[in-house]
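[1] Just a sequence and a predicted model for now, questions to come.
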Amino acid sequence: MKSLKLIGLALGASLSLSTAAFAEDITVAVAGPMTGGESAFGRQMKNGAEMAVADLNASGGLLGKKLMLDVEDDACDPKQARSVAEKIGSARIPFVAGHYCSSSSIPASEAYADGNVLEITPASTNPLFTERKLWNVARVCGRDDQQGQVAGDYIAKNFKGKNIAILNDKTTYGKGLADETKKALNKAGVTEKLYESYNKGDKDFNAIVSRLKLENIDLVYVGGYHQEAGLILRQMRDQGLKTILMAGDALADKEYASITGPAGEGTLFTFGPDPRKKPTAAAIVENLGYRQMHAWWRLQGLMDEIVGRRASWGTMTRQGFTSSSNSTEAAPDAVAEKVSA
């Protein structure tokens with residue numbers, strides 16, 4: 001696992017080539033689902049990036065210039081994400097904080113590489129994002145194979161001899177996470193009793209819930225997003241099931257609790273160590289959510305790295321940063337948490 005220092009050097013070199021670097025202000029971007037089903041997370045990313053830019057400008061900006069923030073909406077749609085990436089590249093914006101969905105980050109990253117744009121995601125967990133040897137990608141969140149390992153081990157240890165079901169929403173994120181959890185679970189000697197898929201955006205899960213009831217499922221692991229997971233939980237309770245629901249970091253938003261109400265208590269999910277528990281984050285804890293803090297930390301930390309190391313930037317060409325070989329991970333280990341009222 002490499003340090004973000006190399007990525008900081010890459011962005012510094014990008015700035016040195018970008019026409020934006022010679023303007024009065026330096027523009028950076030945040031891209032994610034500002035509309036659509038995952039807009040709650042898009043708003044978190046936007047709010048965190050806005051606060052990071054404001055804090056940086058209040059402390060003197062970057063390289064003596066003020067930062068400007070460009071906000072782009074991909075609606076977690078792969079084609080729209082690619083268009084956003086091409087737009088940002090054409091505008092010679094050197095850095096983007098984003099995207100949210102893995103299915104958006106992966107296609108967008110190729111356009112960013114072509115446009116000499118550094119992309120760091122706070123949320124895209126599919127391993128493929130950083131395994132294609134692109135010079136310009138990094139993440140500050142756990143990968144699916146980390147979350148899946150934690151989830152699988154937790155289930156095997158705490159639900160030994162119980163009936164387990166695994167569901168996924170067929171998305172890059174959801175299916176990837178479900179498959180990694182299944183892999184870890186099977187490796188631990190546990191075989192799930194049911195493995196099913198549904199479509200993202202579905203609202204009626206009564207058929208799946210009936211299957212869970214028929215198979216007497218004790219725990220259902222959901223590889224998917226918070227809206228569908230919340231509806232599955234509610235419809236399980238409506239049918240009298242006390243089955244425990246477990247999922248990934250897409251549940252780390254208060255909208256999940258809004259969907260489930262009190263029935264959501266006891267839900268399990270995996271995510272990186274909570275940044276709100278860091279003493280150094282005390283000053284911003286009251287104003288930011290989980291991913292907002294990741295967006296704030298990502299911009300603030302990276303810009304601080306550039307300011308501190310600008311004298312030792314490497315050589316950037318239109319083909320990429322000459323000192324870089326692979327993508328960078330700055331991912332915290334995943335942990336399992338329980339939702340409580």
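    That came through fine. Residues are numbered from 1 along each chain as shown.
[2] For the residue sitting nearest the centre point of the chain, which three-state class applies?
    Note on the chain: the residue nearest the mean C-alpha position is residue 123, at 0.8 Å, using Cα atoms, centre = their mean. In three-state terms, and counting by DSSP: H, G, I helix; E, B strand; the rest coil, residue 123 is coil.
[3] what ranges do the strands span in the stretch 201-341 of the chain?
    If you assign secondary structure with DSSP state E, counting those that start in this stretch, the strands in the stretch 201-341 of the chain sit at 219-223, 244-247, 268-271, 316-317, 320-321, 328-329, 335-338.
[4] And the helices in the protein?
    4-17, 39-58, 78-90, 102-114, 144-158, 172-187, 206-214, 226-238, 254-260, 282-285, 290-309 (DSSP state H).
[5] Please tabulate these in a markdown table, including the columns mean neighbour count and mean pLDDT.
    Every residue, glycine included, has its C-beta placed from N, CA and C. Converted to a markdown table, the helices of the chain look like this (neighbours: other Cβ atoms under 10 Å; pLDDT from 0 to 100):
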| stretch | mean neighbour count | mean pLDDT |
| --- | --- | --- |
| helix 4-17 | 22 | 50 |
| helix 39-58 | 21 | 87 |
| helix 78-90 | 20 | 97 |
| helix 102-114 | 24 | 95 |
| helix 144-158 | 22 | 94 |
| helix 172-187 | 23 | 96 |
| helix 206-214 | 16 | 97 |
| helix 226-238 | 22 | 96 |
| helix 254-260 | 17 | 91 |
| helix 282-285 | 13 | 65 |
| helix 290-309 | 22 | 53 |
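[6] could these go into JSON lines alongside distance to residue 220?
    As requested, the helices of the chain are exported to JSON lines (distance: least, Cβ to Cβ, whole Å):
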{"stretch": "helix 4-17", "distance to residue 220": "36"}
{"stretch": "helix 39-58", "distance to residue 220": "23"}
{"stretch": "helix 78-90", "distance to residue 220": "28"}
{"stretch": "helix 102-114", "distance to residue 220": "22"}
{"stretch": "helix 144-158", "distance to residue 220": "10"}
{"stretch": "helix 172-187", "distance to residue 220": "11"}
{"stretch": "helix 206-214", "distance to residue 220": "6"}
{"stretch": "helix 226-238", "distance to residue 220": "7"}
{"stretch": "helix 254-260", "distance to residue 220": "14"}
{"stretch": "helix 282-285", "distance to residue 220": "32"}
{"stretch": "helix 290-309", "distance to residue 220": "23"}
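[7] wait, which of those is closest to residue 132?
    Between residue 132 and the helices of the chain, the tightest spacing by Cβ to Cβ is seen for helix 102-114, at 7.8 Å.
[8] Taking helix 78-90 as reference, get the angle to that closest one.
    Here helix 102-114 runs at an angle of 30 degrees relative to helix 78-90 (axes from the mean of the first three to the mean of the last three Cα atoms, to 10 degrees).
[9] Touching helix 102-114 from outside, list them.
    Defining contact as Cβ atoms under 8 Å, 6 or more residues apart in numbering, one finds that helix 102-114 is touched by 31-33, 74, 76-82, 84-86, 88-89, 96, 98-99, 118-119, 121, 124-126, 128-129, 132, 134-137, 171-173, 176, 320.
[10] could you give the angle of it to helix 172-187?
    For helix 102-114 against helix 172-187, the angle by the same axes, to 10 degrees is 120 degrees.
[11] between helix 102-114 and helix 144-158, how big is the angle?
    Relative orientation of helix 102-114 versus helix 144-158 (the same axes, to 10 degrees): 150 degrees.
[12] mind exporting helix 102-114 as CSV, just the C-alpha atoms?
    These are the backbone C-alpha positions of helix 102-114, laid out as CSV (Å, rounded to 0.1, in the frame of the first residue of the first chain):
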residue,chain,number,x,y,z
SER,A,102,-18.0,2.2,-8.3
SER,A,103,-20.0,1.9,-11.5
SER,A,104,-19.3,5.6,-12.1
SER,A,105,-15.8,5.9,-10.8
ILE,A,106,-14.4,3.1,-13.0
PRO,A,107,-15.5,4.4,-16.4
ALA,A,108,-14.8,8.0,-15.4
SER,A,109,-11.2,7.2,-14.3
GLU,A,110,-10.2,6.4,-17.9
ALA,A,111,-11.4,9.7,-19.2
TYR,A,112,-9.6,11.5,-16.3
ALA,A,113,-6.4,9.7,-17.1
ASP,A,114,-6.7,10.9,-20.7
